[in-house]
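**Q** my questions concern the predicted model and sequence given below.
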Amino acid sequence: MQAARNRWGWCGAQAMDGGDVAGVLLLTPTADGDALVKTLWVARPGEGLGKRLVQSAIAGLTCRDVRDIVSPAAVGNPTCQLPPRAFLKRVGFTHLSGDPLYRLQLDSVITEKASARQLMERLMASFGNVPEAATRVEG
């Protein structure tokens, strides 16, 4: 995670529910400049929190010249390190034959980088009464 903090100033996103951590997405840079998902954990799967964590990471990474987020996928039951394939597909990751990683091309999800933060704020406001918005993990 130190490499992510050195390159981007943060290493992922977290979501809080009151004073409790409700979800965490940790990223690290790859040698070719992508962001690799190291950990994705949510306390209550199925409530959209994982999607909001990915959206928060997208908003942060588009300002840092990262082109793709890549992630391995769990084949059976998901773990903290490996999100399920179905989740990755639902939030926009694609899989190329022969590649062990799923890939989310940021240019395909955000067309105007300057408005990424505004888009994220509008999206979060539309969720209404849910756990607090995902925020970047600084340390």
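**A** On my side now, so go ahead.
**Q** and stretch 3-13, how far out from the chain's middle?
**A** Stretch 3-13 sits 13 Å away from the centroid of its parent chain (C-alpha atoms, centre = their mean, to the nearest Å).
**Q** what backbone torsions are found at the most far-flung residue of the chain relative to its centre?
**A** Here the chain reaches farthest from its C-alpha mean at residue 98, the gap being 23.2 Å by C-alpha atoms, centre = their mean. According to degrees, to the nearest 10, the main-chain angles of residue 98 amount to phi 90, psi -10.
**Q** all strands for the protein, in order.
**A** 12-17, 20-29, 35-42, 68-71, 94-95, 102-105, 135-136 (DSSP state E).
**Q** between those, which gets nearest to residue 4?
**A** strand 20-29 (5.0 Å; C-beta to C-beta). (C-beta placed from N, C-alpha, C; glycine too.)
**Q** give me the buried positions along the closest one.
**A** For strand 20-29, the neighbour count (16 or more other C-beta atoms under 10 Å) marks 22-29 as buried.
**Q** report the two of these separated the most.
**A** 22 and 29, at 25.6 Å, using C-beta to C-beta across the buried residues of strand 20-29.
**Q** show me the contacts for the spatially most central residue of the chain.
**A** Nearest to the geometric centre of the chain sits residue 54, at 2.6 Å (C-alpha atoms, centre = their mean). Residues in contact with residue 54 (C-beta atoms under 8 Å, 6 or more residues apart in numbering) are 25, 69, 91, 104.
**Q** same thing but 7 Å
**A** 25, 91 (C-beta atoms under 7 Å, 6 or more residues apart in numbering).
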